[in-house]
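Asker: Here's a sequence, model it:
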Amino acid sequence: MSEFSFEAETMIPGPAASTTVRAIYTIEDGILIAYGNTVPTDTASGYAIGCIFIHTDGGDGTALYVNEGTASSCNFNAITVAG
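Answerer: Numbering: from 1, shown residues only. From the prediction side, this is the model:
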């Protein structure tokens with residue numbers, strides 16, 4: 001077994017998704033990866049440009065978002081696949 005798979009198998013689960021955004025990874029510019037049941041409201045602050053938000057109760061075309069706004073005024077848009 002590789003060292004990585006051992007670490008992945010023994011990770012402590014994070015809290016369940018809720019309407020409160022849960023930050024997975026934060027950098028000096030703000031939250032970079034987050035998840036929750038509710039996509040952050042446009043103009044909210046604290047999300048880095050390019051922040052990925054996982055919408056845990058989203059559906060087809062509404063499960064993954066990216067902040068295309070700024071750290072002081074976010075604008076999350078769904079990431080969709082052209083098909």
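
Asker: Can you name the residues that contact Thr26?
Answerer: Leu32 (C-beta atoms under 8 Å, 6 or more residues apart in numbering). Glycine gets a C-beta too; all of them are placed from N, C-alpha and C.

Asker: can you do 10 Å?
Answerer: Taking C-beta atoms under 10 Å, 6 or more residues apart in numbering, we find Thr26 in contact with Leu32, Ile33, Ala34, Gly46, Tyr47, Ala48, Cys51.

Asker: wait, is it part of a helix?
Answerer: No - with DSSP: H, G, I helix; E, B strand; the rest coil as the criterion, Thr26 is assigned strand and is not in a helix.

Asker: That one pairs with what?
Answerer: Ile31 (DSSP bridges).

Asker: same deal with the one 10 residues further on?
Answerer: The partner list for Gly36 in beta bridges (DSSP bridges) reads His55.

Asker: All the strands of this protein, residue numbers only.
Answerer: 22-27, 30-36, 47-55, 64-67, 76-78 (DSSP state E).

Asker: These into TSV, with extra columns for mean pLDDT and distance to Pro15?
Answerer: Shown next, in TSV, are these (pLDDT from 0 to 100; distance: least, C-beta to C-beta, whole Å):
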stretch	mean pLDDT	distance to Pro15
strand 22-27	95	6
strand 30-36	97	10
strand 47-55	98	14
strand 64-67	97	20
strand 76-78	97	21
